[in-house]
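> predicted structure and sequence below. I'll ask about it afterward.
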Amino acid sequence: MTPTEPALQHALSRERAHHDRCRAALAAMVEGADEQVVTGEDVSASGADAEVLGYRLRSQAKALRELPEGPLFFGALRGEQGELHIGRLRISEHPAEPPLVVDWRAPVSRAFYQASARDPQGVAVRRRFGWAPGSRGDAGDLTGLEDEHLGEGEARTSEIVAREIERPRVGPMRDIAATIQPEQDDLVRGDLAVSVCVQGAPGTGKTAVGLHRAAYLLYTHPQRIRRGGLLILGPNRTFLSYIAEVLPSLGETGVRQSTLAEEIARHPVAGRDEPATAAVKHDARMAEVLRRALYARVRAGGGDGDGLAVPDGAYRWRVPAAELARIVTRVRAEEPPYGVGRERVRSRIVRSVREQAERRAGPQPNAWVRRVERARPLSAYVDAVWPRVRPEEIVAELLGEPGVLAEAADGLLDPGEQRALLWRKPPRSWKSARWSAADLVLLDEVAGLIEHPEGYGHVVVDEAQDLSPMECRAIARRAPFGSLTVLGDLAQGTTPWAARSWHPVLAHLGKPDAAVVELTTGFRVPRAVVGLANRLLERLDVDVPAARSLRGDGEMRMRETTPDGVPGAVMEAVRDALGREGSVGVVAADADVPRVRAALDAAGIGAAGPEELGARVSLVPASVVKGLEYDHVVAVEPAAIAEAEERGLHRLYVVLTRAVSRLEVVRGRPLPF
């Protein structure tokens with residue numbers, strides 16, 4: 001509501017004028033960045049230097065042009081530093097002049113989130129601005145402000161923050177730069193070198209924390225992060241579409257957002273495993289089975305009994321069989337990547353030959369060394385003792401030949417597990433194999449044994465509680481020297497291999513010493529909804545603290561009917577929700593979705609799928625609702641959701657905690673808890 005007091009009206013007029021000045025300065029920054037690109041293209045420098053400079057200038061100009069429209073600041077500080085406006089990016093009229101807006105990630109901005117009446121941190125007044133919902137950044141959309149006089153010991157609950165958190169949501173996830181809470185800010189500004197695991201109850205903002213941490217690291221360590229790259233891993237494409245606009249709204253447009261399935265996709269998924277087979281393939285023991293199968297190809301012998309004869313013109317250099325065996329054995333003991341080991345064997349044989357040649361004729365030129373490396377007898381020997389292989393060959397042989405599997409799995413997998421792994425009808429070759437999703441994880445493991453993949457500087461892993469040990473290893477290979485931000489909730493684990501504790505997950509991710517930080521205070525899910533979910537939490541086989549909510553304004557309703565009356569009751573619930581503001585998510589067990597859609601269509605209610613994020617009404621299978629939020633959720637027949645899969649109660653917990661305003665449970669059968 002717009003203030004009526006003359007002093008506040010004057011303050012609003014002054015802030016609107018400042019926003020207009022910021023808008024003009026930002027337009028000049030965009031124009032200046034484009035001009036710099038033109039100038040940079042004509043720079044006199046070496047080809048490589050000019051290319052790097054041009055890339056940086058074009059990237060900077062592109063990032064400024066792609067900034068989403070919206071308010072340019074959301075807060076201000078007045079105190080020892082003078083007056084500072086806080087926004088999503090730095091805005092200045094000239095690089096040498098004080099900024100008109102300070103980036104929320106700058107060290108000086110931290111007091112905006114951390115200062116309190118008890119510890120004002122040099123802040124006399126903290127000001128928050130209220131903008132009209134959906135504002136594109138017009139100064140007239142600045143409708144209110146709040147001042148908190150921390151220097152005078154004043155402490156107040158911000159109505160502006162509460163309204164922003166509780167604002168109805170239609171479309172993609174928004175950033176929370178204006179509403180970050182102190183405990184969230186501590187995680188966002190964590191050290192790049194430190195990996196952290198956030199166990200977050202529903203509505204605590206763990207996903208937002210991970211995304212804002214990514215933006216903070218890009219701002220604070222731009223060269224180190226961009227050199228190695230930053231990767232956001234989500235559970236599926238629907239989830240990634242939901243969060244896709246958060247980083248661009250914070251000024252970061254060059255971040256790779258992907259799923260693990262996409263990162264390891266060497267082949268299309270064309271096959272499907274039985275649950276027991278998939279469980280074995282995702283088990284951590286498979287890493288050792290695959291390692292044995294790969295290195296079973298290595299033979300310390302090879303060549304004839306007299307060793308290896310390497311031609312050098314009319315002469316033959318000989319490497320004795322015993323020395324060759326020692327070379328292969330020592331390289332194998334060093335445990336390099338398989339591909340590196342193969343070339344290491346070759347180089348050490350060449351070194352042995354070179355030492356003989358130098359004792360006879362002195363130092364040899366590089367051309368001589370290259371000629372010896374390419375000698376056919378030497379290449380044939382290396383192929384015999386350390387053959388070149390593809391991951392597909394190893395996995396296909398393992399899954400297609402009982403004897404090979406039995407040898408590799410001896411002492412690791414019992415006979416029943418081995419039978420579950422074997423293909424019922426092995427393909428003629430790996431080229432005609434119908435790879436399953438779990439097979440791709442195995443292929444990635446072997447590929448990582450052959451050659452280590454290029455790692456990222458930082459990886460944010462969301463919904464990590466659902467990762468299998470083998471999937472964790474795939475992620476660990478992509479951050480061997482980088483750090484991780486691991487996000488999840490053990491209570492929301494729905495895969496057969498979902499974690500019961502974070503410590504094994506972190507060990508498989510290669511970060512066993514990462515701290516586990518719990519977020520239990522919810523800002524989005526209302527107290528009534530959290531109360532129902534906590535009743536279910538008591539039935540789940542995980543040790544996590546119950547969530548609590550700061551929101552007392554929500555609503556939770558049970559609509560009871562007969563099993564045959566469920567579709568009609570769903571229609572009534574949806575109509576009630578449409579009478580209110582915000583998005584409506586109708587969530588049902590996957591098998592019930594067609595029946596619910598038919599009822600919606602018959603009632604003339606158009607319902608989009610979960611991938612259409614701006615829709616007013618969405619019909620969502622329970623299997624893909626994780627990570628999404630709707631103002632109003634109609635949960636259809638909880639008993640059917642719970643019965644649909646092995647960890648159905650965990651799936652139901654996810655469904656019940658997707659509402660950020662109102663939850664209506666439609667049931668024709670008793671609740672399963």
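Right, received. Where do you want to start?

> following element in sequence after the helix or strand bottoming out on mean pLDDT in the chain, please.
Sorting the helices and strands of the chain by mean pLDDT, DSSP states H and E puts helix 47-65 at the bottom, at a mean of 62. Once the chain leaves helix 47-65, the next helix or strand it forms, by DSSP states H and E, is strand 75-79.

> what's that following strand in contact with?
15, 83-86, 111-112, 115, 120, 122-129, 151, 178 (Cβ atoms under 8 Å, 6 or more residues apart in numbering). Every C-beta, even on glycine, is put in place using the N, C-alpha and C of the backbone.

> what average pLDDT does it get?
Throughout strand 75-79, pLDDT has a mean value of 95.

> okay, now the sheet partners of it, with direction.
Paired with strand 75-79 in the same sheet, following DSSP bridges, are strand 82-87 (antiparallel), strand 123-131 (antiparallel).

> what's the following helix or strand after the shortest one?
What it means is strand 82-87. Heading C-terminal from strand 82-87 (DSSP H and E), you reach strand 102-103.

> the following helix or strand past that next one - contacts with which helices or strands?
Downstream of strand 102-103, the next assigned helix or strand under DSSP H and E is helix 110-114. Helices and strands touching helix 110-114, by 3 or more Cβ pairs under 8 Å, 6 or more residues apart in numbering; DSSP states H and E, are strand 75-79, strand 123-131, helix 182-188.

> same list, those, but as a markdown table with distance to D553 please.
Shown next, in a markdown table, are these (distance: least, Cβ to Cβ, whole Å):
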| stretch | distance to D553 |
| --- | --- |
| strand 75-79 | 24 |
| strand 123-131 | 18 |
| helix 182-188 | 21 |
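
> neighbours of G200, just the number please.
For G200, the neighbour count with other Cβ atoms under 10 Å is 27.

> okay, the strands paired with strand 75-79, which one's buried deepest?
Mean neighbours per residue, mean count of other Cβ atoms under 10 Å, is largest over the strands paired with strand 75-79 for strand 123-131, with a mean of 21.

> now that strand: mean pLDDT?
Summarised as a single mean, pLDDT over strand 123-131 is 96.

> and the contacts of it?
For strand 123-131, the external contacting residues (Cβ under 8 Å, 6+ apart) are 15, 71, 73-80, 111-112, 115, 141-152, 158, 160-161, 163, 178.

> 7 Å instead, please
Contact with strand 123-131 is made by 15, 71, 73-79, 111-112, 115, 141-151, 158, 160-161, as judged by Cβ atoms under 7 Å, 6 or more residues apart in numbering.

> just the buried residues of those residues.
Buried by 16 or more other Cβ atoms under 10 Å: 15, 71, 73-79, 111-112, 115, 141-151, 160-161, out of those.

> so where do the helices sit in the stretch 101-250 of the chain?
In the stretch 101-250 of the chain, the segments counted as helices under DSSP state H, counting those that start in this stretch are 110-114, 159-166, 182-188, 206-220, 222-228, 237-243, 246-249.

> now the fifth one: mean pLDDT?
To tie it back to what came earlier, the one meant is helix 222-228. 86.

> residues touching H632, list them.
Going by Cβ under 7 Å, 6+ apart, H632 touches 577, 580, 582, 584, 659, 661-662.

> out of these, grab the one that's most surrounded.
Neighbour counts for those (other Cβ under 10 Å) peak at A659, which has 30 neighbours.

> which residue, other than its chain neighbours, is closest to that residue?
Leaving out its chain neighbours, the residue that sits closest to A659 by Cβ to Cβ, 6 or more residues apart in numbering is V633, at 3.8 Å.

> follow-up on the earlier one: would you convert the strands paired with strand 75-79 into a markdown table that also reports distance to E518?
As requested, the strands paired with strand 75-79 are exported to a markdown table (distance: least, Cβ to Cβ, whole Å):
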| stretch | distance to E518 |
| --- | --- |
| strand 82-87 | 28 |
| strand 123-131 | 27 |
